[in-house]
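Visitor: what's the 3D shape of this:
(2 chains)
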2 protein chains.
Amino acid sequence: MKKPLILVSNDDGITAPGIRYLVEIVQALGAEVVVVAPDAPQSGMGHAITIGQALRLTKNPVFGPDIEAYECSGTPADCVKIAKHYVLKDRTPDLVVSGINHGSNASVNVLYSGTMSAAIEAAIEGLPAVGFSLCEYGPQADFSHVEEWVTQVCRYALDHGVPAGTALNVNIPKNSDTPIAGLRLSRQARAKWQEEFDRRLDPYQRPYYWLIGSFVNLDHGTDTDEWALANNYVSVVPCQFDLTAHHGLDQLSAKWQLPMPEAMEAQAAPQPVPSGDYGPATQS
Amino acid sequence: MKKPLILVSNDDGITAPGIRYLVEIVQALGAEVVVVAPDAPQSGMGHAITIGQALRLTKNPVFGPDIEAYECSGTPADCVKIAKHYVLKDRTPDLVVSGINHGSNASVNVLYSGTMSAAIEAAIEGLPAVGFSLCEYGPQADFSHVEEWVTQVCRYALDHGVPAGTALNVNIPKNSDTPIAGLRLSRQARAKWQEEFDRRLDPYQRPYYWLIGSFVNLDHGTDTDEWALANNYVSVVPCQFDLTAHHGLDQLSAKWQLPMPEAMEAQAAPQPVPSGDYGPATQS
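Guide: Next up is the predicted model:
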């Protein structure tokens, strides 16, 4: 049987402990592993891409001679783009994994997550993809309990696939005396960050502001990722990149008195649509 | 009647022509206008936020004495956060508008869009929000036909609201001899960027890479934003920030043989959930 090809990226950078755990786990699955990861931490980058600047891409032997690994000067989404279209070219990965992030990407954090943007970028390319995060922050995070669960999710994804048009957001509870209860399918909890800004003065008496946020869960559902994590489950949320709120279309049609679009695709001949190209100041 | 309060942001920066058009249009609605926009172009920033760096916020009289305007060193999402929690504090905007972006944010571009990340950040805060984009790139883009449509959308949003949990992604066709056909409710077209990387050598013979992308529409539906724009409609897509793919949960449950989460929220007492705080390397 042919070895599966697994592409690995992350957002904490190629030297973060979390990606080393992920590389070792997928290598132990018997996979051929290629890594393209940021050359520096990219936390909070969301789905940013680099426009108007060139990228650097450099081989980095950090994972030893058996693993083809590159560091890239771009964002996590850039890493997946350059991996797919330049590094791998005609080699199609059987799975793309991102992480393991140092810190939770559950609930609304998925929107700010560079880890998940790498996975979602892969999903846009039609590749099965999973983002892994550990609910413990900092470089000293304890990854000793994650192998079993990351292995299980990767095996399932390789054997049974991932729903089309989605990437999985997998969050793993912090290590504790309580054993992990299992995998739990979940929906994204409704939550927000309650922000504050700490105003300070620099040595030249000019103000600057630190963002301080506290996570506020607004959702008491037992089917959410936050509930799963609070109850020591590994949460698994399939995330889609089609943001259309179909219930919102119905509401707008009623309240704004606009007709619903005809959904009868078969009746209409394909129309030419505008295409574009990247370039400085051409996309946002 | 009290003047409505409208918060304006964008991603092309506070001096871009598009935000000037937007400010003038919402001012003409009789609104009190507050602007917090990036101090430099932030195209392609997706939903990035600034972690581990402080922000600058400086009054900028670029829109004249009647308009309270600030430039911020952060991303579009940062601008909305600092506007809501520091600049406005107890003043709640009746509407948040972002743009007018120089370039389309239809289809999958919404994911990379700083314009829409500002609007979505506002929606997470529970505020009605709209991102506006013109399907013409560059600083010379022709905005002369947009006023009627931006005005209409803002009026509808002020009078009838925006569906909860969504921000509207409004794209306006490039100016042409054909008049705009009207507003059209749409869903996000399935599309991708076909990427290429142009490899060059710097003066020190080190390689660097330019991302070159061509937009490929994979969706022939007549109910999509791309179809609307190709047929000279202004497309209106309600975008949600809950990324959960519920059909994906069903598929995973069947194929991975995992039970569906109990949705019976009422039966379960609220559980404590993990909270967190921002800080260097604490979130991604």
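Visitor: what residues are up against A:K255?
Guide: Contacts for A:K255 were tallied using C-beta atoms under 8 Å, 6 or more residues apart in numbering or on different chains; they are B:160-161. (Each C-beta comes from the backbone N, C-alpha and C, glycine too.)
Visitor: And for A:Y86?
Guide: Taking C-beta under 8 Å, 6+ apart, one finds A:57, B:197, B:199, B:209 in contact with A:Y86.
Visitor: one more time with 6 Å, if that's ok
Guide: Residues near A:Y86 by C-beta atoms under 6 Å, 6 or more residues apart in numbering or on different chains: B:F197.
Visitor: what separates A:S133 from chain B, distance-wise?
Guide: For A:S133, the distance to chain B equals 8 Å [C-beta to the nearest C-beta, to the nearest Å].
Visitor: Roughly how far does that residue sit from A:G114?
Guide: Using C-beta to C-beta, to the nearest Å, we find A:S133 at a distance of 11 Å from A:G114.
Visitor: hey, where'd the helices end up in chain A?
Guide: Secondary structure of chain A (DSSP state H): helices at A:17-28, A:76-82, A:109-112, A:114-124, A:147-160, A:225-230, A:246-255.
Visitor: Let me have those helices in JSON lines, extended by mean pLDDT and distance to B:V36.
Guide: Formatted as JSON lines, these follow (pLDDT from 0 to 100; distance: least, C-beta to C-beta, whole Å):
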{"stretch": "helix A:17-28", "mean pLDDT": "97", "distance to B:V36": "34"}
{"stretch": "helix A:76-82", "mean pLDDT": "95", "distance to B:V36": "26"}
{"stretch": "helix A:109-112", "mean pLDDT": "92", "distance to B:V36": "19"}
{"stretch": "helix A:114-124", "mean pLDDT": "95", "distance to B:V36": "24"}
{"stretch": "helix A:147-160", "mean pLDDT": "97", "distance to B:V36": "41"}
{"stretch": "helix A:225-230", "mean pLDDT": "96", "distance to B:V36": "30"}
{"stretch": "helix A:246-255", "mean pLDDT": "93", "distance to B:V36": "26"}
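Visitor: With adjacent residues omitted, what lies nearest to the most centrally placed residue in chain A?
Guide: In chain A, the centroid-proximal residue (C-alpha atoms, centre = their mean) is A:M116; its distance is 0.8 Å. Spatial nearest neighbour of A:M116, chain neighbours left out: A:G131 (4.4 Å); criterion: C-beta to C-beta, 6 or more residues apart in numbering or on different chains.
Visitor: quick one, what contacts the one you found?
Guide: A:G131 sits next to A:98-99, A:115-116, A:119, A:169 when contact means C-beta under 6 Å, 6+ apart.
Visitor: How many neighbouring residues does A:R200 have?
Guide: Number of residues near A:R200 (other C-beta atoms under 10 Å in any protein chain shown) recorded here: 10.
Visitor: Pull the contacting residues for it.
Guide: By C-beta under 6 Å, 6+ apart, A:R200 lies in contact with A:Y208.
Visitor: Apply the buried test to the contacts of A:G131 and list what passes.
Guide: Among the contacts of A:G131, those classed as buried by 16 or more other C-beta atoms under 10 Å in any protein chain shown are A:98-99, A:115-116, A:119, A:169.
Visitor: Quick check: which ranges of the stretch 151-284 of chain A have low pLDDT?
Guide: A:262-284 (pLDDT under 70).
Visitor: so where do the strands sit in it?
Guide: Applying DSSP state E, counting those that start in this stretch to the stretch 151-284 of chain A gives strands spanning A:166-172, A:183-185, A:191-201, A:207-217, A:234-240.
Visitor: Looking at these, which one is packed in the most?
Guide: strand A:166-172 (a mean of 29; mean count of other C-beta atoms under 10 Å in any protein chain shown).
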